[in-house]
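A.B. asks: Dropping the sequence and predicted coords here.
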Amino acid sequence: MVSSSISALSHSFSYASCTSLAVCEKQNNPLKRPVQIKRPITVCSSSTDQGSSSLQSRRGVLHSSVALAASAAVLFWSGPARAGFLSGSTGLESIPGPELPKVEFLDRFNEENRKFYEENDARFKSSPLLQGLLEKSKLNKEKNSREIQDKYCLRGAEWGVGDCSTDGMKPDERDKFIAMLKEKAGVKD
C-alpha cells in the first residue's frame, strides 16, 4: 500500500520536455545541383520534479538536446570525402622512369636462355610420353563422366524422378530396369 502511494506521488511530479529540431541534409548529385533536405527531429525526455532540482534537470535536458542536435547535424551534413588539391593528379606512376643502360652480356645471356627453354618446351610437348598421358586423361574424363551420369540415372530411377524415372512401369519392369542400371554403373547389392 505504501509503495503504490509513493509511485503515485512520483508520477504526479513528473513532466516531459520535447525539443523540435530541423536538420538539413546536403545531397550531392553529379548531374544536378546540390539539394538540401530538411528533416524535423523531435527529442523528448522525461524527468521528475523535486523542488529546486527541476530547474537543473531542465538545463540538463536542454544541454543533452543541444548535444544530440549538434551530433545529428554533423551526421546529416557530412558529405563525401575529398582527397584534396592533388586528387586530380595522375601520380608518380604515370611518369616514365629513366632509361637504364643495357648490358650486352646480359642481353645475350637472356636470349640464349630463352631459346634453350623454348626448345625444351617444344621437345616436351611433342614427346610420346606426354601425348600418351594426354590421351589417357581425355579417355578417363569421358569414362568418369559416363559413370557419374549412370549413377545419377540409377538414383533417379530408384527415387522415381528425372530422366530415368520408373513411374508408370510395372514392378517387374522397374526391378529389371534398376538391375540393368546397377550393372551398368557397377553398383553391387
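C.D. replies: All right, it came through fine. Numbering: from 1, shown residues only.
A.B. asks: Can you tell me which helix or strand of this protein has the lowest average pLDDT?
C.D. replies: Ranking every helix and strand in the chain by mean pLDDT, DSSP states H and E puts helix 2-12 at the bottom, with a mean of 38.
A.B. asks: any weak-confidence spans in this structure?
C.D. replies: Low-confidence segments of the chain, defined by pLDDT under 70, are located at 1-56, 78-92, 189.
A.B. asks: quick one, helices of the protein?
C.D. replies: Assignment of helices within the chain using DSSP state H yields the ranges 2-12, 53-77, 104-125, 128-159, 171-185.
A.B. asks: what residues does the third one touch?
C.D. replies: This means helix 104-125. Helix 104-125 is contacted by residues residue 130 when judged by CB atoms under 8 Å, 6 or more residues apart in numbering. For every residue, glycine as well, the C-beta is placed using N, CA and C.
A.B. asks: mind redoing it with 6 Å?
C.D. replies: Outside helix 104-125, no residue is within contact range by CB atoms under 6 Å, 6 or more residues apart in numbering.
A.B. asks: tilt between that helix and helix 128-159?
C.D. replies: For the pair helix 104-125 and helix 128-159, the angle between their directions (axes from the mean of the first three to the mean of the last three CA atoms, to 10 degrees) equals 50 degrees.
A.B. asks: Can I get helix 104-125 in CSV? Just the C-alpha atoms.
C.D. replies: Listed next in CSV are the C-alpha coordinates belonging to helix 104-125 (Å, rounded to 0.1, in the frame of the first residue of the first chain):
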residue,chain,number,x,y,z
GLU,A,104,75.2,-6.6,-73.9
PHE,A,105,76.4,-9.6,-71.9
LEU,A,106,73.1,-9.8,-70.1
ASP,A,107,71.1,-9.4,-73.3
ARG,A,108,73.0,-12.3,-74.9
PHE,A,109,72.6,-14.5,-71.8
ASN,A,110,68.9,-13.8,-71.6
GLU,A,111,68.4,-14.6,-75.4
GLU,A,112,70.3,-17.9,-75.0
ASN,A,113,68.2,-18.9,-72.0
ARG,A,114,65.0,-18.1,-73.8
LYS,A,115,66.0,-20.2,-76.9
PHE,A,116,67.1,-23.1,-74.6
TYR,A,117,63.8,-23.1,-72.7
GLU,A,118,61.6,-22.7,-75.9
GLU,A,119,63.4,-25.7,-77.5
ASN,A,120,62.9,-27.9,-74.3
ASP,A,121,59.2,-26.9,-74.1
ALA,A,122,58.7,-27.8,-77.8
ARG,A,123,60.5,-31.1,-77.4
PHE,A,124,58.5,-32.0,-74.2
LYS,A,125,55.1,-31.0,-75.8
